[in-house]
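> Got a predicted structure plus its sequence, pasted below:
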Amino acid sequence: MVELLEKSWREGRFQALRNRFNKVEMIILDEMGYVPFSKEGAELLFQLISDWYERSSLVITSNLEFSQWNRIFTDARLTAALVDRVIHHAHILSFTGDSYRVTHALSNHQS
């Protein structure tokens, strides 16, 4: 997604891409945090999340706690503003314990 945002920015199509989300009711950002974003990419994603704030439903999955989001959004102020928007009306689900995938893989090898 961030690569698409950066490309659309370079090609002068960012606003058109942004407008494509105007009627979308739900956006899912899955596994946020595995790859850090460039400063430009983080800022562009922030703009989209700001657009979606209080207008669309946003689902974000991540293995990182909010306090660790600086790793992906590199700028502390941008990260704080982003987390503020994301958690304002949020229902936060936190899962702890063993990974289903790891447990499943281990049980297959023991058979």
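Received, thanks.
> What segments of this structure are strands?
26-29, 57-60 (DSSP state E).
> who does the first one touch, helix- and strand-wise?
Helices and strands in packing contact with strand 26-29 are listed as strand 57-60; criterion 3 or more C-beta pairs under 8 Å, 6 or more residues apart in numbering; DSSP states H and E. Every residue, glycine included, has its C-beta placed from N, CA and C.
> Would you mark the buried spots in the strand it packs on?
Buried residues in strand 57-60, counted by 16 or more other C-beta atoms under 10 Å: 58, 60.
> what do you get for stretch 9-29?
For stretch 9-29, by 16+ other C-beta under 10 Å, it's 9, 14, 17, 27, 29.
> Which member of these is positioned nearest L82?
Distance to L82 across the buried residues of stretch 9-29 (C-beta to C-beta) is lowest for L29, with 11.4 Å.
> Can I get the helix-or-strand element of the chain with minimal mean pLDDT as PDB, trimmed to CA atoms?
Ranked by mean pLDDT, DSSP states H and E, the weakest helix or strand in the chain is helix 100-109, scoring a mean of 77. Taking C-alpha atoms only, helix 100-109 is exported to PDB below (Å, rounded to 0.1, in the frame of the first residue of the first chain):
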ATOM      1  CA  TYR A 100      -1.800 -20.700  16.400                       C
ATOM      2  CA  ARG A 101       0.600 -21.200  13.500                       C
ATOM      3  CA  VAL A 102       3.500 -22.300  15.600                       C
ATOM      4  CA  THR A 103       1.400 -24.600  17.800                       C
ATOM      5  CA  HIS A 104      -0.200 -26.100  14.700                       C
ATOM      6  CA  ALA A 105       3.200 -26.600  13.000                       C
ATOM      7  CA  LEU A 106       4.600 -28.200  16.100                       C
ATOM      8  CA  SER A 107       1.700 -30.600  16.600                       C
ATOM      9  CA  ASN A 108       2.100 -31.700  12.900                       C
ATOM     10  CA  HIS A 109       5.700 -32.600  13.400                       C
END
